[in-house]
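S.K.: I would like to see how this sequence folds:
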Amino acid sequence: MEIDKDKHIRKSHNKNALLYHIVCPVGYRRKVINEKIAETLKNICVEIGERFEIHFMEIGDDSDHVHFLVQSVSTMTPKNIVQTIKSITARELFKHHPEIRKMLWGGKFWTSGYYINTVGLYAGAESIQNYVKNQGGNYKKHYSAQARLFEGI
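M.R.: This next block holds a predicted model:
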């Protein structure tokens, strides 16, 4: 994975800037993340970034959940990105910090759920709409709708 000077991922036949904000809660919302565990988590994520096409731009925590800002390629679905991050980090954190198992019964580091949202590298939805509208001088809008939040998660 090559990231060029304008912060896009360049592959042989495409160029993209897909960024995701991912929030993963720790199992049972237990406050298990301390400085030592956060350092291990960071190192695991750096290794994930070297093995998979996932670039970690930022990692932060609030002791019971972790925020990841990641950039990835268009061939990986958001679900695959989250599954990769959660499965590898959980396995490695348990390996490096076996004491965590005592705080999390059931053998799972993360809850089954997560939050994910796309992030604009250069602009939000309104800026993109204005950019499209001003292309070519003959723009005609044929449809418009509001973004929706879907229930059930």
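
S.K.: so what's the residue count around the closest residue to S63 other than its chain neighbours?
M.R.: Nearest non-adjacent residue to S63, counting by C-beta to C-beta, 6 or more residues apart in numbering: K31, 4.1 Å away. In short, each C-beta sits where N, CA and C put it, glycine included. Applying other C-beta atoms under 10 Å, we find 12 residues neighbouring K31.

S.K.: and for N34?
M.R.: N34 has 11 neighbouring residues, counting by other C-beta under 10 Å.

S.K.: for K95, same thing?
M.R.: Neighbours of K95 (other C-beta under 10 Å): 10.

S.K.: which strand or helix spans it?
M.R.: Assigned by DSSP states H and E, K95 belongs to helix 78-96.

S.K.: related to what we said a few turns ago, mind checking what secondary structure the residue nearest to S63 has?
M.R.: coil (DSSP: H, G, I helix; E, B strand; the rest coil).

S.K.: which helix or which strand is home to F56?
M.R.: Secondary structure from DSSP H and E places F56 in strand 54-61.

S.K.: that's a helix at F68, yeah?
M.R.: No: under the criterion used here (three-state DSSP), F68 is strand, not part of a helix.

S.K.: if I look at it, how far off is N130?
M.R.: Using C-beta to C-beta, to the nearest Å, one gets 30 Å for the distance from F68 to N130.

S.K.: of those two, who's got more company?
M.R.: Neighbours per residue, other C-beta under 10 Å: of F68 and N130, the larger number sits with F68, 25 against 10.

S.K.: ok, now which ones touch that one?
M.R.: Y20, H21, I22, V23, C24, C45, F56, E58, I59, I85 (C-beta atoms under 8 Å, 6 or more residues apart in numbering).

S.K.: kindly report the same for V26.
M.R.: Per C-beta under 8 Å, 6+ apart, neighbours of V26: V32, I33, D64, H65, V66, L104, F109, W110, T111.

S.K.: tell me, what's the model's pLDDT at it?
M.R.: Predicted confidence (pLDDT) for V26: 96.

S.K.: please apply the same query to I3.
M.R.: As predicted, I3 sits at a pLDDT of 67.

S.K.: no further queries at this time; thank you.
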